[in-house]
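**Q** Just to be clear, the model below is a prediction. Sequence and coordinates:
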Amino acid sequence: MKYEYVQTDWGEIFGDLTGKRATVKGDEVEIVGETKIKGDLAATGITVLAWREKLVDFSEPTFPNQVWLIARADSPMKPIKPSGSISKDCAVVKKLIAGHSLMGKTGTCIDPSSMPSKRRTASKSGISRVRSMNCPALLNKDAELTLLDVPDALVALQKWPGKIKVIGPVSDVQDMSVAFGKDAPELRLTFNRFLGQIKKDGTYLAIVKKSYPFVPDYLPQFFKKK
């Protein structure tokens with residue numbers, strides 16, 4: 001097939017896909033208007049969240065995810081000792097955030113608005129800022145802490161070795177998927193068939209290892225069950 005790339009950003013992506021503008025409060029979604037549909041599917045590493053499922057339908061999982069708290073290497077904050085319970089570890093890490101400034105990205109899985117920080121810095125511009133700006137801004141001391149998802153965090157640890165550290169998780173393990181409008185069930189089904197085929201023939205894992213070679217080692221259960 002011939003693909004056409006459609007530029008968007010996190011503030012517009014679901015409207016560009018569904019034709020509906022929505023406001024979000026927690027897990028609640030309110031449709032507040034209409035807009036022009038610009039694309040047929042959204043495949044940019046979208047984490048499956050409860051409020052998003054009210055707007056779109058998701059494919060079978062394409063990638064595992066989790067959100068980590070990241071600090072500079074010279075921060076006095078120390079990584080937590082894993083307890084064996086992700087929920088307990090998340091609670092401990094969130095308590096550590098209190099009293100510190102925190103960066104994230106509004107409208108994404110690394111949105112800092114629900115975290116108990118004294119100051120939150122949330123980028124509202126394009127998708128690329130999630131990867132390209134958070135760690136440099138952290139190293140520039142724009143904030144004391146930042147939220148990163150696992151794929152981006154692992155890349156950052158390779159790109160800035162010895163300059164950042166993982167404090168611990170602030171979310172359970174999550175799924176990333178491709179998003180479709182709720183009026184496109186056949187397109188979603190076709191994509192799921194395609195995804196199943198490339199997982200079966202090894203193409204999928206080869207792509208993963210090329211871009212994120214350490215993710216299968218950190219979250220092996222996702223890849224074992226495939």
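**A** Received the coordinates, thanks.

**Q** How about the contacts made by the nearest residue to Gly33 once chain neighbours are set aside?
**A** What sits nearest to Gly33 in space, not counting adjacent residues and going by C-beta to C-beta, 6 or more residues apart in numbering, is Arg21, at 4.1 Å. Just so you know, the C-beta spots here come from the backbone N, C-alpha and C atoms, and that holds for glycine as well. Arg21 makes contacts with Gly15, Ile31, Val32, Gly33, Glu34, Thr35, as judged by C-beta atoms under 8 Å, 6 or more residues apart in numbering.

**Q** Surely Ser177 and Glu60 touch.
**A** Yes - Ser177 is within contact range of Glu60, at 6.9 Å (criterion: C-beta atoms under 8 Å).

**Q** These two: who's more crowded?
**A** For Ser177 versus Glu60, the count of surrounding residues by other C-beta atoms under 10 Å is larger for Ser177: 27 against 15.

**Q** Which residue comes closest to that one once chain neighbours are left out?
**A** Counting by C-beta to C-beta, 6+ apart, Ser177 lies nearest to Phe58, which is 3.9 Å off, once chain neighbours are set aside.

**Q** Report the helix or strand with the lowest average pLDDT across the protein.
**A** Lowest mean confidence among the helices and strands of the chain (mean pLDDT, DSSP states H and E): helix 129-132, at a mean of 43.

**Q** what's the following helix or strand after that one?
**A** helix 134-139 (DSSP states H and E).

**Q** per-residue confidence averaged over that following helix?
**A** If you average the pLDDT over helix 134-139, you get 89.

**Q** which other helices and strands contact it?
**A** strand 67-72, strand 101-105, strand 145-149, helix 150-159, strand 164-169 (3 or more C-beta pairs under 8 Å, 6 or more residues apart in numbering; DSSP states H and E).

**Q** Of all these, which one is nearest Ser87?
**A** Among the helices and strands packed on helix 134-139, the nearest to Ser87 by C-beta to C-beta is strand 164-169 (9.6 Å).

**Q** now the longest helix seen in the chain: how far from the chain's centre is it?
**A** Secondary structure of the chain per DSSP state H: the longest helix is helix 185-200. Relative to its chain's centre, helix 185-200 lies at 22 Å (C-alpha atoms, centre = their mean, to the nearest Å).

**Q** so where does the residue nearest to Gly33 fall, helix or strand?
**A** In this assignment (DSSP H and E), Arg21 forms part of strand 20-25.

**Q** following that strand, which helix or strand comes up?
**A** strand 28-34.

**Q** Am I right that Lys199 is in contact with Leu205?
**A** Yes - Lys199 lies in contact with Leu205 (C-beta under 8 Å); the separation is 7.4 Å.

**Q** Show me how the chain divides into domains.
**A** The record's domain parsing of the chain by automatic domain parsing lists 13-63+174-224, 67-169.

**Q** avg pLDDT for the first one?
**A** In this model, domain 13-63+174-224 has an average pLDDT of 93.

**Q** first to last residue in it, what's the distance?
**A** 31 Å (C-alpha to C-alpha, to the nearest Å).

**Q** Ala143: what secondary structure?
**A** coil (DSSP: H, G, I helix; E, B strand; the rest coil).

**Q** hang on, I meant Phe222
**A** Following three-state DSSP, Phe222 is assigned to helix.

**Q** What is the neighbour count of it?
**A** Neighbour count for Phe222, taken as other C-beta under 10 Å: 17.

**Q** Bridged to the residue nearest to it when sequence neighbours are not counted, which residues?
**A** What sits nearest to Phe222 in space, not counting adjacent residues and going by C-beta to C-beta, 6+ apart, is Pro64, at 3.9 Å. Beta-bridge partners of Pro64, counted by DSSP bridges, are Asp175.
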